[in-house]
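Undergrad: Based on what follows, work out the 3D shape:
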Amino acid sequence: MFQGLVGAGLLAQASDGGSGSALGFLLPLVVLGGLFYVFLVMPQRRRVKQMQNLVASLGPGDRVRTIGGIFATIVSEDDDRFVIDVGGGTTMTIAKRAVAERLEEGP
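TA: Here you go, the predicted model:
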């Protein structure tokens, strides 16, 4: 009989603390998820958007640097490619996503 009372008491304690521990378990996960989004997802989206805007604004005559470190001038544009002039009459075809930055015209 004593075992039944002890078992019932433990069962009552477990059911009372169950809702509190679920909230205590989920709250840190929600906070970590929010921090993950703020510090990893948002900056990546911002970089992708900046690159899309850069590629959309480029056209023939613009000086660019590719992700491979090639400095060139855009000669023509296709759907997903640029034809670039790297100097000396040498042209190359590159993917639009291979452009790292637009170069400012220097003196």
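Undergrad: For residue 86, what is the enclosing helix or strand?
TA: Residue 86 is part of strand 81-87 when elements are defined by DSSP states H and E.
Undergrad: what does that strand rub up against?
TA: In this structure, residues lying in contact with strand 81-87 by CB atoms under 8 Å, 6 or more residues apart in numbering are 58, 64, 66, 70-77, 91-96, 99. Just so you know, the C-beta spots here come from the backbone N, C-alpha and C atoms, and that holds for glycine as well.
Undergrad: Of those, which belong to strands?
TA: 64, 66, 71-77, 91-95, 99 (DSSP state E).
Undergrad: ok, those residues vs residue 40, which is closest?
TA: residue 99 (24.5 Å; CB to CB).
Undergrad: if we can go back for a sec, from the ones in strands among the contacts of strand 81-87, pick the one nearest residue 39.
TA: Among the ones in strands among the contacts of strand 81-87, and counting by CB to CB, the member closest to residue 39 is residue 99, at 27.0 Å.
Undergrad: Tell me who's in contact with that closest one.
TA: Neighbours of residue 99 in contact, by CB under 8 Å, 6+ apart: 54-55, 58, 64-67, 82.
Undergrad: Might you list the low-confidence residue ranges for this protein?
TA: For the chain, applying pLDDT under 70 flags the ranges 1-20, 106-107.
Undergrad: Fine, thanks again, bye for now.
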